[in-house]
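Enquirer: just coords:
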């Protein structure tokens with residue numbers, strides 16, 4: 001039950017890049033491809049997402065994610081199991097993962113500072129124990145709205161332990177068309193990257209460099225990414241690269 005995940009990575013800092021350029025006409029992303037996995041995206045007439053079909057390689061079974069809305073807000077995404085979305089006004093506060101038997105198994109909670117997501121916490125839901133914390137991410141932002149840092153924690157021995165620190169050092173000045181589709185659960189109403197990230201620095205729990213990450217894009221004439229090649233540079237290890245392709 002997964003799309004492919006692409007690694008990218010509130011205090012305010014000065015952004016090293018301009019604010020987003022206007023979204024070009026007909027910019028809706030319709031297809032993503034990486035390592036043989038394909039995701040096709042279909043939209044409703046009002047521009048909201050209708051469904052996603054994730055097709056793994058080697059003719060493995062596809063997963064279809066069907067979106068439903070209530071009062072203009074995403075209410076559920078069904079894929080055999082389902083995600084259920086809860087709001088406080090316009091802000092998404094909770095996404096519950098519900099199994100086909102109707103039991104809630106996971107919960108992602110969102111908190112805000114200055115109308116930006118400040119923290120997300122993932123819980124496991126147990127019938128007897130209730131919510132058990134699993135992971136947490138803290139966010140910092142540039143003034144343009146792009147995330148400048150993500151601090152990742154795991155809940156171990158009844159305490160939050162930082163496991164990773166991801167700084168996004170540079171963005172381009174083009175509109176990001178894919179961020180909302182690249183992580184689970186899908187939250188199309190929240191965009192953490194207004195632009196496309198160019199350089200990242202990943203630190204481990206001890207503050208040592210785990211990886212330097214570089215993204216290289218090919219754009220169409222409207223400034224939309226057609227492909228993104230990502231190079232991971234691990235100290236003392238061979239470089240690793242991956243590529244994702246986009247269609248509109």
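Expert: Looks like it came in fine. Just so it is clear, the structure is predicted and the values come from calculations on it, not from any experiment.
Enquirer: Point to the helix or strand of the chain where mean pLDDT is at its lowest.
Expert: Of the helices and strands making up the chain, the lowest-confidence element is strand 12-13, at a mean of 38, by mean pLDDT, DSSP states H and E.
Enquirer: ok, how many other residues are close to residue 157?
Expert: Residue 157 is flanked by 5 other residues according to other C-beta atoms under 10 Å. For glycine as for every other residue, the C-beta is placed from the backbone atoms N, C-alpha and C.
Enquirer: so where's the chain uncertain?
Expert: 1-26 (pLDDT under 70).
Enquirer: Find the residue at the geometric middle of it.
Expert: In the chain, the residue lying closest to the centroid (C-alpha atoms, centre = their mean) is residue 183, at 3.6 Å.
Enquirer: What's the separation between that residue and residue 126?
Expert: Residue 183 sits 24 Å away from residue 126, going by C-beta to C-beta, to the nearest Å.
Enquirer: who touches residue 100 in this structure?
Expert: 80-81 (C-beta atoms under 8 Å, 6 or more residues apart in numbering).
Enquirer: Enumerate the positions of the longest strand seen in the chain that are buried.
Expert: With secondary structure taken from DSSP state E, the chain has its longest strand at strand 159-175. Going by neighbour count (16 or more other C-beta atoms under 10 Å), the buried part of strand 159-175 is 162, 164-169, 171-172, 174-175.
Enquirer: Same list, the residues you listed, but as a markdown table with distance to residue 31 please.
Expert: Formatted as a markdown table, the buried residues of strand 159-175 follow (distance: C-beta to C-beta, whole Å):
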| residue | distance to residue 31 |
| --- | --- |
| 162 | 36 |
| 164 | 30 |
| 165 | 33 |
| 166 | 27 |
| 167 | 30 |
| 168 | 25 |
| 169 | 29 |
| 171 | 23 |
| 172 | 21 |
| 174 | 18 |
| 175 | 17 |
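Enquirer: Pick out whichever of those residues sits closest to residue 77.
Expert: Residue 77 lies nearest to residue 175 out of the buried residues of strand 159-175, by C-beta to C-beta, at 23.6 Å.
Enquirer: Look up which residues are beta-bridged to that closest one.
Expert: residue 195 (DSSP bridges).
Enquirer: Go ahead and confirm it touches residue 223.
Expert: Yes: contact criterion C-beta atoms under 8 Å: residue 175 and residue 223 qualify, at 7.0 Å.
Enquirer: Return the residues in contact with residue 119.
Expert: 110-111, 136-139.
Enquirer: Relative to residue 108, how far out is residue 228?
Expert: 25 Å.
Enquirer: If you could redo that for residue 114, that was the one I meant.
Expert: Taken as C-beta to C-beta, the span from residue 114 to residue 108 is 21 Å.
Enquirer: same deal with residue 60?
Expert: Counting by C-beta to C-beta - residue 60 and residue 108 are separated by 26 Å.
Enquirer: So the residue of the chain most remote from its centre: helix, strand or coil?
Expert: What lies farthest from the middle of the chain is residue 128; by C-alpha atoms, centre = their mean that is 30.7 Å. Assigned with DSSP: H, G, I helix; E, B strand; the rest coil, residue 128 falls in the coil class.
Enquirer: The one 5 residues further on too?
Expert: Taking three-state DSSP as the rule, one finds residue 133 in the strand state.
Enquirer: need the contact list for residue 129.
Expert: Counted by C-beta under 8 Å, 6+ apart, residue 129 has zero contacts.
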